[in-house]
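Peer 1: Following is a predicted model, sequence given first.
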Amino acid sequence: MEGLGIDFKILAGNIITFIVLLIILKKYAYGKFMAVLEQRRQKIEEGVAKSDEAEKSLVKIRGLAEEIRIAGEKCAKETIAASEAKARERAKAIAAAAEAEKQKIIENARIAMEREKEAAAAARQNQAMDAAFMISEKFLGQKLTKEQDKKLIEKLAAEL
């Protein structure tokens, strides 16, 4: 086949070289290359599985986070409500204490007023007695003993 320009000797040498090279590569390199490819395929599958697992975990974590947020809001609302109730109770207690203090002050003022009224009445009575004593001394023109003076004043005070 000289007309096509093919030399069968060279072609047969090339085929034999290719087959020998193929046998050598298959024996020494192909197994290692396939093992590396298999390891890589397994790592990729593990990565995909871990990614799926991570997504599932993320969904669970988001669900838990939402539950925790809701529980936190509920707890906060309960705490606020309890604080408001305590504040209302304290306000009532303070108002009651203020009312009691007001009543105490009013009572003390009333007692003080009564004392002042009694003191003023006693002062008026003493003034009246002194005036009566002076009048009686002038009227009678003589000095009375304390006992006589006291009886006379009591009599005049009873009449007034």
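Peer 2: Great, that's in hand.

Peer 1: and stretch 25-39, average pLDDT?
Peer 2: Summarised as a single mean, pLDDT over stretch 25-39 is 88.

Peer 1: Would you mind measuring the gap between the ends of it?
Peer 2: 20 Å (C-alpha to C-alpha, to the nearest Å).

Peer 1: Could you check how far that stretch is from the centre of its chain?
Peer 2: Taking the mean C-alpha point of stretch 25-39 and that of its whole chain, the gap between them comes to 67 Å (C-alpha atoms, centre = their mean, to the nearest Å).

Peer 1: Outside of it itself, list whatever touches it.
Peer 2: Applying C-beta atoms under 8 Å, 6 or more residues apart in numbering, stretch 25-39 has no contact partners. Bear in mind the C-beta positions are built from the backbone N, C-alpha and C, glycine included.

Peer 1: buried ones in it?
Peer 2: Across stretch 25-39, burial judged by 16 or more other C-beta atoms under 10 Å covers no residue at all.

Peer 1: Going forward, the N-terminal residue is numbered 7.
Peer 2: In the new count, where the first residue is 7, that last one comes out as stretch 31-45.

Peer 1: Buried ones in stretch 108-128, by neighbour count?
Peer 2: Buried residues in stretch 108-128 (16+ other C-beta under 10 Å): none.

Peer 1: Need the contact partners of it.
Peer 2: Contacts of stretch 108-128 (C-beta under 8 Å, 6+ apart): none.

Peer 1: Can you show me the CA trace of that stretch as CSV?
Peer 2: Presented in CSV, the C-alpha positions along stretch 108-128 are these (Å, rounded to 0.1, in the frame of the first residue of the first chain):
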residue,chain,number,x,y,z
LYS,A,108,-52.6,61.9,106.9
GLN,A,109,-55.0,60.6,109.4
LYS,A,110,-52.3,60.5,112.1
ILE,A,111,-51.4,64.1,111.3
ILE,A,112,-55.0,65.2,111.4
GLU,A,113,-55.5,63.4,114.7
ASN,A,114,-52.3,65.0,116.2
ALA,A,115,-53.5,68.4,115.0
ARG,A,116,-56.9,67.9,116.5
ILE,A,117,-55.3,66.8,119.8
ALA,A,118,-53.0,69.8,119.7
MET,A,119,-56.0,72.1,119.0
GLU,A,120,-57.9,70.6,121.9
ARG,A,121,-55.0,71.2,124.2
GLU,A,122,-54.7,74.8,123.0
LYS,A,123,-58.4,75.2,123.4
GLU,A,124,-58.2,73.8,127.0
ALA,A,125,-55.1,76.0,127.7
ALA,A,126,-57.0,79.0,126.4
ALA,A,127,-60.0,78.1,128.5
ALA,A,128,-57.8,77.7,131.5
